[in-house]
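Trainee: turn this into a structure:
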Amino acid sequence: MTAWQPAAAAALDALALAVLVVDRQGHILHANREAADLLDRPDGALSGQHAAGGCLGARHAEGRSRLHALIQAACDGRPGEAGGFLQLESGGPDEPGVSVCVSPLVDAEAPGRAVVVARLLRAQGRIEVQLRTLFGLTRAEAQVGAALARGGCLAEIAAELGISVTTARTHVARIFLKTGTRQQSQLVALVAAVHLPVACGAGEAAHIPAHAAKSPAHAPRTPAQVLRSSR
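Mentor: Residues are numbered from 1 along each chain as shown. I've put the predicted structure just below:
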């Protein structure tokens, strides 16, 4: 088991989810890379030193008491009978909140521990890489698609990206064509279905030949097309 520990830690670091192991007092026994980044955010919803021995907390007193109650319940209870979810508010208007899940850690050799999984409530840039790779979107289209998936309206997206509304409409039309969707709600559902919480780098998405995107006969079917054909 010991030989697998470095590989397990590396696997946790590859996730775009904050994963922490804590004891009943909230002392941090392990924090993956995403958790360390989350705790380092100046106005973040979670607080604490991510080095081993630091204590996990929340920005606001009410959230902190609820978090600690869930941790204690998870450490004291049996699997399936303890733990829960909560949403924590950040310390600044421009900082997103955090969604948190607390559950017991099953380890007969080290009982009384809990796993805390947390995630920012605002979609991050990683989804753009996934959209480009999965559907062959251009960088600009992926930016617009990610903004649409966050629920933004066309005028807001255009202003945010520094493009005209007409250009934004053109991107949206191409996004719908490439993803097999027809409206924003369908795109939001599709993005939620295909999005994987992996810590992709900022590198280029895989190159997709132009003819593959243009030729329906040879292009891979999108998830939306698969769903429609199965009905």
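Trainee: how about the nearest residue to the residue nearest the centre of the chain, chain neighbours excluded?
Mentor: Closest residue to the average C-alpha location of the chain: residue 197 at 4.8 Å, with CA atoms, centre = their mean. In this structure, residue 197 finds its nearest non-sequential neighbour in residue 16, 4.3 Å apart by CB to CB, 6 or more residues apart in numbering. Backbone N, C-alpha and C define where each C-beta goes, glycine included.
Trainee: measure that neighbour to residue 120 for me?
Mentor: 9 Å (CB to CB, to the nearest Å).
Trainee: what does residue 166 give?
Mentor: 32 Å.
Trainee: of those two, which one has the most company?
Mentor: residue 120 (21 against 9; other CB atoms under 10 Å).
Trainee: what comes up buried for stretch 175-193?
Mentor: 175, 176, 178, 179, 180, 181, 184, 187, 190, 191 (16 or more other CB atoms under 10 Å).
Trainee: for residue 30, helix, strand, or coil?
Mentor: Classification of residue 30 using DSSP: H, G, I helix; E, B strand; the rest coil returns strand.
Trainee: so it bridges to which residues?
Mentor: Note on residue 30: beta-bridge partners by DSSP bridges are residue 21.
Trainee: wait, it touches residue 13, no?
Mentor: No: assessed by CB atoms under 8 Å, residue 30 is found out of contact with residue 13, at 10.9 Å.
Trainee: and these two? Which one has more around it.
Mentor: residue 30 (17 against 14).
Trainee: could you measure that one against residue 110, distance?
Mentor: 11 Å.
Trainee: go on, residue 25?
Mentor: 15 Å.
Trainee: ok, now residue 187?
Mentor: Residue 187 is 44 Å from residue 110, by CB to CB.
Trainee: residue 54 now?
Mentor: 18 Å.
Trainee: cool, and residue 97?
Mentor: For residue 97 relative to residue 110 (CB to CB), the value is 31 Å.
Trainee: looking at the two, which is more packed in?
Mentor: residue 97 (17 against 10).
Trainee: my read is that that one contacts residue 86, right?
Mentor: No: applying CB under 8 Å as the test, residue 97 and residue 86 come out as separate, 10.3 Å apart.
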